[in-house]
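Visitor: Just a sequence and a predicted model for now, questions to come.
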Amino acid sequence: MLKGVNQRLEHQQIPTFFVSGNSVFSRMVFFFALSIVLMAADTSFNYLSQVRQAFAGGLQPLERIANIPGELTRDSKRYFATHNQLVQDNHILKQQALENAVKLQRLNTLQAKNEYLRSLLSGDIPIYPRAVLGDIAHAGRDPFKKVVIVNRGRQHNIQTGQAVVDAKGVLGQVTHVYPFSSEITMITDESFSIPIQVERNQLRAIAFGQGGNSLDIPYLPSNIDIKVGDKLVTSGLDGIYPAGLAVATVTRIDQDPETSFAKIISTPAAKVSYHLQLLILESLESKEAPSNKAIDNKGTKLNAKNT
């Protein structure tokens, strides 16, 4: 029985369409012709556009998945590049902010200094015709002395006894002169005294430094005509300070019933502990004619008119 089946299978012929040999060329020609016909028909009737759109829509998720590695690589590079740039920009901006802050501090200082110098050179105080502008180099070594050292000395024609002022009033007096520097004793020093007069009633007296930031006017009777708020100016009787320079303002009057004298305390008009520049006035005894040269920070003479 099996022999008969095998015989029937052996005599069964394979379809000619799937036979090997020259049939491959036939298939190629067939599919080539079919492709040309389909392309021509699609060009003429555009009936495959919906099919292409359907295939494109179906392949979109696959395209997205295939593009994920490239997008991740690109985004990673962009992230790190942006991060590094932001870090660098942040560092530069912080440095610029710090530099600008320092410049702003110096600008404020220079602005305040400029305003002070303007008030010093064109202030309301009656400056004597000639003066020398000095910079305070440092304070004195003795903590119990109210003295400062300025960068003007004998080489700048500074002499012992010259009056020292700022834009508000009297600061002190030159007490020691060196070749390139001078020692200025402030009016608040305990060893300092200055003849004054009350601007309101022309009452004359002598004010003494108290070592702090005040002046004392001793040896005046308790019924003296001095009030809180009275302005004290130089009397000019000492031959050192021109008359009319602001010295202090009376701030307190203490009267002790057990004594016949009043304790009169005043605050200096000048900014004793603030500024770094001051004016050293020419001695009233100088016989030199007023100069027409303008003052500068090198210590040249001040141009001012006699008042």
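Guide: Nice, thanks for sending it over.
Visitor: drop to CA atoms for contacts and neighbour counts, all remaining ones
Guide: OK.
Visitor: And the strands in the stretch 51-200 of the chain, which stretches?
Guide: In the stretch 51-200 of the chain, the strands defined using DSSP state E, counting those that start in this stretch lie at 131-139, 147-150, 163-165, 170-177, 182-186, 193-198.
Visitor: Of all these, which one is nearest Lys227?
Guide: Closest to Lys227 of the strands of the stretch 51-200 of the chain is strand 193-198 (Cα to Cα; 9.7 Å).
Visitor: Could you write out the alpha-carbon coordinates of the next helix or strand along the chain from that closest one in PDB?
Guide: Next helix or strand after strand 193-198 toward the C-terminus (DSSP states H and E): strand 204-209. Taking C-alpha atoms only, strand 204-209 is exported to PDB below (Å, rounded to 0.1, in the frame of the first residue of the first chain):
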ATOM      1  CA  ARG A 204      34.900 137.000  75.700                       C
ATOM      2  CA  ALA A 205      36.300 134.000  77.500                       C
ATOM      3  CA  ILE A 206      38.800 131.100  77.200                       C
ATOM      4  CA  ALA A 207      37.800 127.500  76.200                       C
ATOM      5  CA  PHE A 208      39.800 124.500  77.300                       C
ATOM      6  CA  GLY A 209      39.800 121.000  75.800                       C
END
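Visitor: Please state the offset of strand 204-209 from the chain centre?
Guide: Mean-position distance between strand 204-209 and its chain equals 43 Å (Cα atoms, centre = their mean, to the nearest Å).
Visitor: Tell me the buried residues in it?
Guide: Neighbour-count burial for strand 204-209 flags Arg204, Ala205, Ile206, Ala207, Phe208, Gly209 (criterion: 16 or more other Cα atoms under 10 Å).
Visitor: Would you mind putting the residues you listed into JSON lines with distance to Phe32 and pLDDT alongside?
Guide: Below are the buried residues of strand 204-209 laid out as JSON lines (distance: Cα to Cα, whole Å; pLDDT from 0 to 100):
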{"residue": "Arg204", "distance to Phe32": "130", "pLDDT": "90"}
{"residue": "Ala205", "distance to Phe32": "130", "pLDDT": "92"}
{"residue": "Ile206", "distance to Phe32": "128", "pLDDT": "92"}
{"residue": "Ala207", "distance to Phe32": "125", "pLDDT": "93"}
{"residue": "Phe208", "distance to Phe32": "124", "pLDDT": "94"}
{"residue": "Gly209", "distance to Phe32": "121", "pLDDT": "92"}
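Visitor: Farthest pair within these?
Guide: Arg204 and Gly209 (16.7 Å).
Visitor: Quick one, which of the strands of the stretch 51-200 of the chain gets closest to Arg74.
Guide: Per Cα to Cα, nearest to Arg74 of those: strand 131-139, 63.9 Å.
Visitor: Check which residues of that closest one are buried.
Guide: Buried, per 16+ other Cα under 10 Å, within strand 131-139: Ala131, Val132, Leu133, Gly134, Asp135, Ile136.
Visitor: tell me the mean pLDDT for it?
Guide: Regarding strand 131-139, the rounded mean pLDDT is 85.
Visitor: Now do that strand: distance to the chain's middle.
Guide: Distance, stretch centre to chain centre, for strand 131-139: 25 Å (Cα atoms, centre = their mean).
Visitor: Stretch 200-217 now?
Guide: 40 Å.
Visitor: now stretch 254-273
Guide: For stretch 254-273, the distance to the chain centre is 41 Å (Cα atoms, centre = their mean).
Visitor: Show me what counts as buried in that stretch.
Guide: Phe261, Ala262, Lys263, Ile264, Ile265, Ser266, Thr267, Pro268, Ala269, Ala270, Val272.
Visitor: Could you check how far Thr43 is from Ser35?
Guide: Taking Cα to Cα, to the nearest Å as the measure, Thr43 falls 12 Å from Ser35.
Visitor: Which stretches in the chain count as helices?
Guide: 2-11, 23-45, 49-121 (DSSP state H).
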